[in-house]
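[1] Give me coordinates for this.
(one chain, ligands or ions: 1)
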Amino acid sequence: MIGIYDSGIGGLGIFNAIKQVLPYESILYYGDTAYFPFGSRQPNEVRRITLTSVKKLAEQCNIIVIACNTASVNDLDYYRENASVPIVGVVPVVKTAAALTKNGQIALLGTQVTTESAYTDKLIQEFAANKTVHKISCPGLASAVEYDTLTEAHLRGYLEPVQDADIVVLGCTHYTLIKGEIQRLVGPDVKVIDSNEAVARQTLRMLQQSGNMSSHAQPMYTFECSGDRAAFLEQIKRYAHL
Ligand code: DGL
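    As a prediction, this is how the structure comes out:
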């Protein structure tokens with residue numbers, strides 16, 4: 001069983017991508033909604049909350065995908081050292097953005113924790129040192145997606161600082177759920193990218209390597225959360241391709 005972890009519904013894009021490349025695997029999706037949003041918490045708090053839940057998931061799953069940039073940047077090595085199963089994470093796709101940009105201007109949208117993290121700076125240094133990366137923190141955007149309160153005017157406001165960038169990196173999994181709307185607002189000359197498919201392929205590779213692939217004719221998909229279950233399941237129906 002694959003465990004997918006996020007603060008809420010953000011990881012559903014990764015759930016959909018994993019279901020495509022691993023159609024025989026059962027998946028337990030866990031939204032840690034009692035602690036949502038992670039993006040405005042202290043990094044240490046995010047680390048502690050995530051590790052506690054990852055350890056619980058590890059009792060039922062043979063691989064865990066941390067489908068949350070905010071948790072992954074704080075940081076994957078720590079979870080890997082302390083969990084008993086392989087961990088796949090999701091971090092902003094800075095390397096891909098650097099390879100794709102034509103004008104050298106990249107906009108990286110993320111939560112405050114992600115845009116301010118040393119891990120994100122390290123990615124930029126390592127892969128995009130000769131580009132300009134505009135880190136744009138979007139407080140409240142993940143919540144608007146989680147609770148379905150987003151308006152177009154609201155979204156336009158977040159995208160204003162994107163300006164000259166020809167690549168927009170979605171550095172928060174919640175934003176990938178509204179990728180189509182973001183793409184429409186930034187226009188066809190700007191490429192909006194995320195790592196949902198890459199994370200799914202990496203999960204496939206890791207399962208192959210560890211010899212843990214399943215062959216259930218009828219895989220099971222289970223959705224659990226630590227907060228309000230009714231609201232969570234409503235959003236699952238909306239975004240999960242079941
Ligand atoms: N989905 C999470 C991410 O990828 C963040 C949402 C939150 O603030 O909890 O960063």
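
[2] which residues does the spatially closest residue to Leu76 that is not a sequence neighbour form a beta bridge with?
    Among residues not flanking Leu76 along the chain, Gly89 sits closest, at 4.2 Å (Cβ to Cβ, 6 or more residues apart in numbering). In this view, the C-beta of every residue, glycine as well, is placed from N, C-alpha and C. Following DSSP bridges, Gly89 is listed with bridge partners Ile66.

[3] tell me the pLDDT at Gly89?
    Predicted confidence (pLDDT) for Gly89: 98.

[4] need the contact list for the nearest residue to Thr132 once chain neighbours are set aside.
    In space, and not counting its chain neighbours, Thr132 is closest to Gln105: 5.2 Å by Cβ to Cβ, 6+ apart. The neighbours of Gln105, taking Cβ atoms under 8 Å, 6 or more residues apart in numbering as the test, are 131-132, 134, 164-167.

[5] Can you select the buried ones among these for me in PyMOL?
    Selecting only the buried entries of these in PyMOL, with 16 or more other Cβ atoms under 10 Å as the criterion:
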select buried, resi 131+134+165+166+167
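
[6] Among the contacts of Gln105, which are located in strands?
    132, 134, 167 (DSSP state E).

[7] Dump these to JSON lines, plus distance to the ligand and pLDDT.
    Converted to JSON lines, the ones in strands among the contacts of Gln105 look like this (distance: Cβ to the nearest ligand atom, whole Å; pLDDT from 0 to 100):
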{"residue": "Thr132", "distance to the ligand": "23", "pLDDT": "98"}
{"residue": "His134", "distance to the ligand": "18", "pLDDT": "97"}
{"residue": "Ile167", "distance to the ligand": "18", "pLDDT": "98"}
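
[8] Sort out which one of the residues you listed lies nearest Glu59 for me.
    Ile167 (39.9 Å; Cβ to Cβ).

[9] I figured the residue nearest to Leu76 hits Thr70, correct?
    No: using Cβ atoms under 8 Å, Gly89 is not in contact with Thr70; the gap is 10.9 Å.

[10] neighbour count winner among the two?
    Shown here are Gly89 and Thr70; by other Cβ atoms under 10 Å, Thr70 has more neighbours (31 against 23).

[11] Is the more buried one in a helix, a strand, or coil?
    What DSSP: H, G, I helix; E, B strand; the rest coil gives for Thr70 is helix.

[12] Let me see the confidence value for the residue of the chain positioned farthest from its centre.
    Distance to the chain centre peaks in the chain at Ala217, reaching 28.0 Å (criterion: Cα atoms, centre = their mean). Looking at Ala217, its pLDDT is 74.

[13] likewise the one 4 residues further on?
    The confidence metric pLDDT takes the value 97 at Tyr221.

[14] For it, name its beta-bridge partners.
    Beta-bridge partners, per DSSP bridges, of Tyr221: Ile27.

[15] gap between it and Cys138?
    Distance, Tyr221 to Cys138, by Cβ to Cβ, to the nearest Å: 29 Å.

[16] For these two, indicate the residue with more neighbours.
    Taking neighbours as other Cβ under 10 Å, Tyr221 and Cys138 compare with Cys138 leading, 23 against 14.

[17] returning to what we had before: report the contact partners of the residue nearest to Leu76.
    Counting by Cβ under 8 Å, 6+ apart, the residues that Gly89 touches are 65-66, 71-72, 76, 79.

[18] pLDDT and distance to Arg201 added to these, as JSON lines?
    Converted to JSON lines, these look like this (pLDDT from 0 to 100; distance: Cβ to Cβ, whole Å):
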{"residue": "Val65", "pLDDT": "98", "distance to Arg201": "12"}
{"residue": "Ile66", "pLDDT": "98", "distance to Arg201": "16"}
{"residue": "Ala71", "pLDDT": "98", "distance to Arg201": "20"}
{"residue": "Ser72", "pLDDT": "98", "distance to Arg201": "16"}
{"residue": "Leu76", "pLDDT": "94", "distance to Arg201": "17"}
{"residue": "Tyr79", "pLDDT": "97", "distance to Arg201": "20"}
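
[19] Fine by me, thanks again.
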